[in-house]
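Novice: kindly return the folded structure for what I paste below:
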Amino acid sequence: MQDLKITLIQSDLHWEDPEANLSMFEEKIWRINGGTDVIVLPEMFTTGFTMAAARLGEMMNMRTFKWMKQVADQTGALILGSYIVKVHDRFYNRLLWMEPGGNFKTYDKRHLFRMANEHKTFAPGESLLISTWKGWRICPLVCYDLRFPVWSRNRWDVTTKRPTYDVAIYVANWPTARIDAWNTLLKARAIENLSYVVGVNRIGQDGNGIEYNGHSSVISPKGEIIFTNEGGEASRTVDLNANSLHAFRDRFPAYMDADEFTIEFEEFEEPSDFIGR
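Specialist: Numbers count the residues shown, from 1 in each chain. Have a look, this model is predicted:
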(Lines give C-alpha, C1' and ligand atoms only; values in the text may rest on other atoms or scores of the structure.)
Protein backbone atom coordinates (compact mmCIF):
# COMPACT_ATOMS: atom_id res chain seq x y z
CA MET A 1 0.00 0.00 0.00
CA GLN A 2 1.76 3.12 -1.30
CA ASP A 3 0.77 6.75 -0.83
CA LEU A 4 -2.33 7.71 -2.82
CA LYS A 5 -2.44 10.81 -5.03
CA ILE A 6 -5.97 12.20 -5.07
CA THR A 7 -7.08 15.21 -7.14
CA LEU A 8 -10.01 17.37 -6.03
CA ILE A 9 -11.67 19.47 -8.73
CA GLN A 10 -13.73 22.32 -7.25
CA SER A 11 -15.65 24.16 -9.94
CA ASP A 12 -18.71 26.16 -10.85
CA LEU A 13 -21.23 24.15 -12.92
CA HIS A 14 -23.22 25.02 -16.03
CA TRP A 15 -26.86 24.68 -14.99
CA GLU A 16 -28.56 21.67 -16.60
CA ASP A 17 -26.03 21.62 -19.45
CA PRO A 18 -24.23 18.25 -19.57
CA GLU A 19 -22.26 18.98 -22.75
CA ALA A 20 -20.83 22.21 -21.37
CA ASN A 21 -19.89 20.58 -18.07
CA LEU A 22 -18.22 17.57 -19.69
CA SER A 23 -16.17 19.88 -21.92
CA MET A 24 -15.21 22.06 -18.96
CA PHE A 25 -14.11 19.16 -16.75
CA GLU A 26 -12.20 17.60 -19.61
CA GLU A 27 -10.10 20.75 -19.91
CA LYS A 28 -9.51 20.87 -16.15
CA ILE A 29 -8.47 17.23 -16.06
CA TRP A 30 -5.95 17.67 -18.89
CA ARG A 31 -4.31 20.45 -16.85
CA ILE A 32 -3.55 18.16 -13.89
CA ASN A 33 0.23 18.19 -13.43
CA GLY A 34 2.39 15.28 -12.36
CA GLY A 35 -0.15 12.50 -12.63
CA THR A 36 -2.70 11.28 -10.10
CA ASP A 37 -4.34 8.08 -8.85
CA VAL A 38 -7.88 9.37 -8.20
CA ILE A 39 -9.86 12.25 -9.71
CA VAL A 40 -12.94 13.42 -7.77
CA LEU A 41 -15.72 15.53 -9.34
CA PRO A 42 -18.67 17.15 -7.51
CA GLU A 43 -22.16 15.74 -7.03
CA MET A 44 -24.31 15.90 -10.19
CA PHE A 45 -21.28 17.29 -12.01
CA THR A 46 -23.02 17.23 -15.39
CA THR A 47 -26.09 19.29 -14.42
CA GLY A 48 -25.90 20.87 -10.98
CA PHE A 49 -28.28 19.79 -8.22
CA THR A 50 -31.49 19.70 -10.25
CA MET A 51 -34.73 17.78 -9.86
CA ALA A 52 -35.31 17.75 -13.65
CA ALA A 53 -34.55 14.05 -13.72
CA ALA A 54 -37.11 13.13 -16.36
CA ARG A 55 -35.46 15.52 -18.82
CA LEU A 56 -31.80 15.08 -17.89
CA GLY A 57 -31.54 11.49 -16.68
CA GLU A 58 -29.32 9.14 -18.70
CA MET A 59 -29.42 5.42 -19.17
CA MET A 60 -26.31 3.61 -17.97
CA ASN A 61 -23.60 3.08 -20.60
CA MET A 62 -24.53 6.30 -22.40
CA ARG A 63 -22.88 9.74 -22.68
CA THR A 64 -21.49 10.40 -19.18
CA PHE A 65 -20.56 6.76 -18.63
CA LYS A 66 -18.60 6.71 -21.91
CA TRP A 67 -16.97 10.04 -21.12
CA MET A 68 -15.77 8.83 -17.71
CA LYS A 69 -14.45 5.62 -19.25
CA GLN A 70 -12.48 7.59 -21.83
CA VAL A 71 -11.04 9.96 -19.23
CA ALA A 72 -10.06 7.08 -16.93
CA ASP A 73 -8.33 5.30 -19.82
CA GLN A 74 -6.46 8.42 -20.91
CA THR A 75 -5.33 9.51 -17.42
CA GLY A 76 -4.77 6.09 -15.86
CA ALA A 77 -6.74 7.32 -12.84
CA LEU A 78 -9.87 6.23 -11.02
CA ILE A 79 -12.65 8.77 -11.70
CA LEU A 80 -15.47 9.43 -9.19
CA GLY A 81 -18.52 11.66 -9.62
CA SER A 82 -22.31 11.47 -9.48
CA TYR A 83 -24.93 12.21 -12.13
CA ILE A 84 -28.60 11.46 -12.89
CA VAL A 85 -29.21 7.90 -14.04
CA LYS A 86 -32.47 6.35 -15.20
CA VAL A 87 -33.10 2.66 -14.56
CA HIS A 88 -36.45 1.53 -15.95
CA ASP A 89 -38.89 4.01 -14.38
CA ARG A 90 -36.67 5.06 -11.48
CA PHE A 91 -34.09 7.83 -11.24
CA TYR A 92 -30.94 7.69 -9.11
CA ASN A 93 -28.37 10.23 -7.99
CA ARG A 94 -25.69 7.71 -8.91
CA LEU A 95 -21.99 7.91 -8.18
CA LEU A 96 -19.93 6.13 -10.81
CA TRP A 97 -16.61 4.51 -9.88
CA MET A 98 -14.75 4.20 -13.19
CA GLU A 99 -11.32 2.58 -13.48
CA PRO A 100 -8.97 2.55 -16.48
CA GLY A 101 -9.86 -0.41 -18.65
CA GLY A 102 -13.60 -0.02 -18.09
CA ASN A 103 -14.08 -1.81 -14.76
CA PHE A 104 -16.76 0.16 -12.91
CA LYS A 105 -18.96 0.14 -9.83
CA THR A 106 -21.87 2.28 -8.71
CA TYR A 107 -23.16 3.80 -5.51
CA ASP A 108 -26.66 5.29 -5.35
CA LYS A 109 -27.07 8.15 -2.89
CA ARG A 110 -28.74 6.69 0.17
CA HIS A 111 -29.91 9.83 1.97
CA LEU A 112 -32.02 12.05 -0.27
CA PHE A 113 -32.27 15.74 0.61
CA ARG A 114 -35.95 16.15 1.43
CA MET A 115 -35.64 19.91 1.92
CA ALA A 116 -35.21 20.12 -1.87
CA ASN A 117 -37.72 17.30 -2.50
CA GLU A 118 -34.95 15.02 -3.76
CA HIS A 119 -36.77 12.11 -2.12
CA LYS A 120 -39.80 12.76 -4.33
CA THR A 121 -37.80 12.50 -7.55
CA PHE A 122 -35.05 9.96 -6.88
CA ALA A 123 -35.00 6.47 -5.45
CA PRO A 124 -32.66 5.84 -2.49
CA GLY A 125 -29.67 3.54 -2.67
CA GLU A 126 -29.74 0.33 -0.66
CA SER A 127 -26.09 -0.64 -0.29
CA LEU A 128 -22.76 0.92 0.65
CA LEU A 129 -19.85 0.71 -1.78
CA ILE A 130 -16.38 -0.07 -0.45
CA SER A 131 -13.82 -1.04 -3.06
CA THR A 132 -10.05 -1.18 -3.50
CA TRP A 133 -7.83 0.95 -5.71
CA LYS A 134 -4.02 1.03 -5.56
CA GLY A 135 -4.19 -0.97 -2.32
CA TRP A 136 -6.48 1.59 -0.64
CA ARG A 137 -10.01 0.69 0.40
CA ILE A 138 -12.24 3.58 -0.57
CA CYS A 139 -15.83 4.36 0.47
CA PRO A 140 -17.49 6.94 -1.84
CA LEU A 141 -20.58 8.78 -0.61
CA VAL A 142 -22.79 11.66 -1.75
CA CYS A 143 -23.46 15.02 -0.06
CA TYR A 144 -26.36 14.60 2.44
CA ASP A 145 -24.94 11.17 3.40
CA LEU A 146 -22.38 13.17 5.40
CA ARG A 147 -24.99 13.89 8.09
CA PHE A 148 -25.63 10.21 8.85
CA PRO A 149 -22.69 8.57 10.66
CA VAL A 150 -24.27 5.13 11.07
CA TRP A 151 -24.35 4.62 7.30
CA SER A 152 -20.64 5.37 6.88
CA ARG A 153 -19.45 3.75 10.10
CA ASN A 154 -16.09 2.04 9.62
CA ARG A 155 -16.03 -1.58 10.81
CA TRP A 156 -13.28 -3.85 12.07
CA ASP A 157 -12.60 -6.58 9.51
CA VAL A 158 -11.65 -9.73 11.44
CA THR A 159 -10.14 -11.31 8.32
CA THR A 160 -7.76 -8.52 7.32
CA LYS A 161 -7.34 -7.17 10.88
CA ARG A 162 -8.00 -3.70 9.50
CA PRO A 163 -10.95 -1.31 9.37
CA THR A 164 -13.11 -1.84 6.29
CA TYR A 165 -12.00 1.36 4.56
CA ASP A 166 -9.06 3.77 4.57
CA VAL A 167 -10.60 6.87 3.01
CA ALA A 168 -14.18 8.13 2.67
CA ILE A 169 -14.85 10.44 -0.27
CA TYR A 170 -17.88 12.75 -0.31
CA VAL A 171 -18.98 14.44 -3.55
CA ALA A 172 -21.33 17.33 -2.93
CA ASN A 173 -23.41 20.36 -3.87
CA TRP A 174 -23.33 21.78 -0.33
CA PRO A 175 -24.64 25.37 -0.04
CA THR A 176 -22.80 28.30 1.51
CA ALA A 177 -25.62 28.74 4.04
CA ARG A 178 -24.68 25.45 5.72
CA ILE A 179 -20.94 25.35 5.07
CA ASP A 180 -20.05 25.31 8.78
CA ALA A 181 -21.87 21.99 9.08
CA TRP A 182 -19.92 20.65 6.09
CA ASN A 183 -16.59 21.61 7.67
CA THR A 184 -17.53 20.17 11.06
CA LEU A 185 -18.98 16.91 9.74
CA LEU A 186 -16.02 16.15 7.47
CA LYS A 187 -13.79 16.33 10.54
CA ALA A 188 -16.20 14.24 12.61
CA ARG A 189 -16.37 11.47 10.02
CA ALA A 190 -12.55 11.33 9.88
CA ILE A 191 -12.12 11.23 13.66
CA GLU A 192 -14.79 8.63 14.40
CA ASN A 193 -13.70 6.33 11.56
CA LEU A 194 -9.92 6.73 11.93
CA SER A 195 -9.71 7.32 8.20
CA TYR A 196 -8.87 10.03 5.73
CA VAL A 197 -11.90 11.97 4.55
CA VAL A 198 -12.07 13.85 1.26
CA GLY A 199 -14.90 16.25 0.43
CA VAL A 200 -15.34 17.82 -3.03
CA ASN A 201 -17.90 20.61 -3.27
CA ARG A 202 -18.85 23.03 -6.05
CA ILE A 203 -18.77 26.84 -6.17
CA GLY A 204 -20.93 29.49 -7.84
CA GLN A 205 -24.69 29.90 -8.09
CA ASP A 206 -27.09 27.29 -9.46
CA GLY A 207 -30.27 27.76 -11.47
CA ASN A 208 -32.32 28.00 -8.28
CA GLY A 209 -30.24 30.90 -6.98
CA ILE A 210 -28.45 28.76 -4.37
CA GLU A 211 -24.90 29.90 -3.59
CA TYR A 212 -21.96 27.53 -3.11
CA ASN A 213 -18.50 28.43 -1.82
CA GLY A 214 -16.54 25.19 -2.05
CA HIS A 215 -14.49 24.37 1.05
CA SER A 216 -13.37 21.17 -0.68
CA SER A 217 -11.10 19.53 1.86
CA VAL A 218 -8.84 16.65 2.82
CA ILE A 219 -8.94 15.67 6.50
CA SER A 220 -6.48 13.39 8.29
CA PRO A 221 -7.57 10.46 10.51
CA LYS A 222 -6.82 12.73 13.48
CA GLY A 223 -9.27 15.34 12.21
CA GLU A 224 -6.56 17.72 11.03
CA ILE A 225 -7.06 19.78 7.86
CA ILE A 226 -4.49 18.75 5.26
CA PHE A 227 -6.01 20.89 2.52
CA THR A 228 -9.03 23.14 2.05
CA ASN A 229 -10.06 25.70 -0.53
CA GLU A 230 -12.74 28.34 -0.06
CA GLY A 231 -14.56 30.18 -2.76
CA GLY A 232 -12.59 29.85 -5.99
CA GLU A 233 -11.95 27.38 -8.76
CA ALA A 234 -9.40 24.80 -7.66
CA SER A 235 -7.74 21.65 -8.92
CA ARG A 236 -5.45 20.26 -6.24
CA THR A 237 -3.63 16.94 -5.93
CA VAL A 238 -2.97 15.79 -2.37
CA ASP A 239 -0.91 12.80 -1.21
CA LEU A 240 -2.55 10.54 1.36
CA ASN A 241 0.20 8.99 3.46
CA ALA A 242 -0.20 5.26 4.07
CA ASN A 243 2.44 5.04 6.80
CA SER A 244 0.85 7.86 8.79
CA LEU A 245 -2.55 6.17 8.56
CA HIS A 246 -1.30 2.79 9.78
CA ALA A 247 0.91 4.28 12.51
CA PHE A 248 -1.96 6.30 13.96
CA ARG A 249 -4.33 3.32 13.89
CA ASP A 250 -1.71 1.20 15.66
CA ARG A 251 -1.25 3.81 18.39
CA PHE A 252 -4.94 4.59 18.78
CA PRO A 253 -7.10 1.58 17.79
CA ALA A 254 -10.42 3.04 18.94
CA TYR A 255 -12.30 1.02 16.29
CA MET A 256 -11.71 -2.10 18.43
CA ASP A 257 -14.12 -0.67 21.03
CA ALA A 258 -16.89 0.29 18.60
CA ASP A 259 -20.41 -1.05 19.14
CA GLU A 260 -21.74 -3.77 16.86
CA PHE A 261 -24.98 -3.04 15.00
CA THR A 262 -26.97 -3.87 11.90
CA ILE A 263 -29.01 -1.58 9.65
CA GLU A 264 -32.61 -2.56 8.96
CA PHE A 265 -34.15 -1.33 5.72
CA GLU A 266 -37.73 -0.17 5.36
CA GLU A 267 -39.89 -1.12 2.42
CA PHE A 268 -39.63 1.68 -0.12
CA GLU A 269 -42.51 3.05 -2.11
CA GLU A 270 -43.08 1.76 -5.61
CA PRO A 271 -41.64 4.04 -8.34
CA SER A 272 -45.13 5.05 -9.48
CA ASP A 273 -45.81 6.41 -6.00
CA PHE A 274 -42.98 8.89 -5.93
CA ILE A 275 -41.41 9.56 -9.32
CA GLY A 276 -42.33 13.06 -10.44
CA ARG A 277 -44.39 13.76 -7.36
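
Novice: name the nearest residue to L194, sequence neighbours excluded.
Specialist: P221 (4.9 Å; Cβ to Cβ, 6 or more residues apart in numbering). In this view, the C-beta of every residue, glycine as well, is placed from N, C-alpha and C.

Novice: which helix runs longest in this protein?
Specialist: Using DSSP state H to define each element, the chain has its longest helix at helix 179-193.

Novice: identify all contacting residues around that one.
Specialist: Contacting residues not belonging to helix 179-193 are listed as 146-147, 149, 152-154, 163, 165, 168, 170, 172, 174, 195-197, 199, 201, 213, 215, 217, 219-223, 225, 228, 255 [Cβ atoms under 8 Å, 6 or more residues apart in numbering].

Novice: that older thread, measure the residue nearest to L194 to F252 for me?
Specialist: 9 Å (Cβ to Cβ, to the nearest Å).

Novice: can you check K69 too?
Specialist: For K69, the distance to F252 - Cβ to Cβ - is 40 Å.

Novice: which stretches of the stretch 101-250 of the chain have low pLDDT?
Specialist: Low-confidence segments of the stretch 101-250 of the chain, defined by pLDDT under 70, are absent.

Novice: need the strands for it, in chain order.
Specialist: 104-108, 131-133, 136-142, 156-157, 162-163, 167-171, 196-200, 203-205, 211-219, 225-230, 234-240 (DSSP state E, counting those that start in this stretch).

Novice: most tightly packed of these?
Specialist: Burial of these is given as mean neighbour count (mean count of other Cβ atoms under 10 Å); strand 196-200 ranks first at a mean of 28.

Novice: and it, what does it pack against?
Specialist: Applying 3 or more Cβ pairs under 8 Å, 6 or more residues apart in numbering; DSSP states H and E, one finds that strand 196-200 makes contact with strand 4-10, strand 167-171, helix 179-193, strand 211-219.

Novice: also compute the angle for the last one relative to strand 196-200, please.
Specialist: Right, strand 211-219. 160 degrees (axes from the mean of the first three to the mean of the last three Cα atoms, to 10 degrees).

Novice: now swap in the first one and tell me
Specialist: Interaxial angle, strand 4-10 versus strand 196-200 (the same axes, to 10 degrees): 30 degrees.

Novice: past strand 4-10, which element shows up next along the chain?
Specialist: Downstream of strand 4-10, the first helix or strand assigned by DSSP states H and E is helix 18-30.

Novice: so what secondary structure elements neighbour that next one?
Specialist: Under the contact rule (3+ Cβ pairs under 8 Å, 6+ apart), helix 18-30 is packed against strand 4-10, helix 63-75.
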